[in-house]
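S.K.: Here's my sequence, what's the structure:
(one chain, ligands or ions: 1)
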Amino acid sequence: MQLIDGKQISEQLLGEIAQEVQDIISKGGRAPHLAAIIVGQDGASLTYVNNKVKSCERVGFKSTHVALPDTTTEAELLLEIKKINDNPDIDGLIVQLPLPKHLSADTVIQAIAPEKDVDGFHPINVGRMALSMPTYISATPNGVLELLKRYNIETAGKHCVVIGRSNIVGSPMSILMYQNSYPGNSTVTVCHSRTQNLSEITKTADILIVALGKPEFVTADMVKDGAVVIDVGIHRIADASKKSGFKLLGDVKFDEVSPKCAYITPVPGGVGLMTIASLLTNTLKAAKKEVYS
Ligand code: NAD
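M.R.: A predicted model of the protein is given here:
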């Protein structure tokens, strides 16, 4: 069994991005610039945005952090988005989700200019992804592809089973895995909450991508010997023995599944660490006008 080390790969990616930024600046260009809007005071969201901003600094990006109060109206938020859309010095814009209940994520995402939508959530970018056109692939599926690529895992002709069909993980993941590219060219089965005989299907997976949001749901009897298992799930579980008061678990019961696998991502230390690197990769693409010229 080989562990897929998300920490090592994400560090490698950040190093490569930092090098490219230096090259751009040494040739007289300007640093890529990411703007992040956060509405409200949700603790986890604040941490995520702060980590994104810190990572921007690490690779030499410029970043702008717009913090708006809980009481922000839709019109006010749309105005902030418009200002950033119209600002030629800013390459990428993300609005941290979830938003307070009175704001519609769909409306907000659709207000972001597609060429600055480095989260890859705008319907135009999702459509371009589905059509294999140049686009910003959203952070989590992009992170999974990068891990498969960096470990040279063969995907062509393999049976890839994806558990979960959400717009941010399962659905794009399944599309990307059957596309005519590498990683891709797999024969894909998508399983979801209404799938019958789930374990009969998962047992036939050469590559099993798990994103259903239930701690330690996938057990050893659901996995074929020699499978590649990618665990997207993240759960904070109270644990008094830990200094932090909690431990992190994935959707896969790691201890019993890992001995059967050819490769497996741990939680923590796997897919989760790749998401910021993916966001920065997309921002660099935006600055280089690689997707929309
Ligand atoms: P979601 O709740 O939006 O979707 C879960 C999906 O799983 C649904 O499509 C549902 O049909 C399916 N499902 C639920 N129960 C099932 C069952 N018993 N059998 C088969 N399918 C079932 O979740 P999501 O946003 O896609 O996230 C999934 C997990 O990934 C969560 O644990 C989340 O925290 C984690 N996540 C991690 C990252 C990361 O950066 N690593 C990013 C996003 C989400």
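S.K.: Going by C-alpha atoms from here, please, whenever you check contacts or count neighbours.
M.R.: Noted.
S.K.: By neighbour count, which bits of stretch 29-45 are buried? Give me those.
M.R.: 31-40, 45 (16 or more other Cα atoms under 10 Å).
S.K.: do stretch 197-215 as well
M.R.: Buried positions in stretch 197-215, judged by neighbour count with 16+ other Cα under 10 Å: 201-213, 215.
S.K.: Please put the alpha-carbon coordinates of stretch 55-63 into CSV.
M.R.: Extracted in CSV, the C-alpha atoms of stretch 55-63 (Å, rounded to 0.1, in the frame of the first residue of the first chain):
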residue,chain,number,x,y,z
SER,A,55,-1.1,31.0,0.9
CYS,A,56,-1.3,33.9,-1.6
GLU,A,57,1.4,35.7,0.3
ARG,A,58,3.6,32.6,0.4
VAL,A,59,3.6,32.2,-3.4
GLY,A,60,4.0,36.0,-4.0
PHE,A,61,0.4,36.7,-5.1
LYS,A,62,-1.3,39.9,-4.1
SER,A,63,-4.5,39.4,-2.2
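S.K.: how about the residues of this protein that lie near the ligand?
M.R.: Counting by Cα under 6 Å from any ligand atom, the residues of the chain lying close to the ligand are 140, 163-166, 168-170, 191-193, 211-213, 232-235, 271-272, 275.
S.K.: Let's see which of these end up in strands.
M.R.: 163, 191, 235 (DSSP state E).
S.K.: Does L279 belong to a helix, a strand or coil?
M.R.: helix (DSSP: H, G, I helix; E, B strand; the rest coil).
S.K.: how near is the residue nearest to it when sequence neighbours are not counted to N282?
M.R.: Setting aside the residues directly before and after it, L279 is nearest to A139 in space (Cα to Cα, 6 or more residues apart in numbering), at 5.7 Å. Here the criterion is Cα to Cα, to the nearest Å. By it, A139 lies 9 Å from N282.
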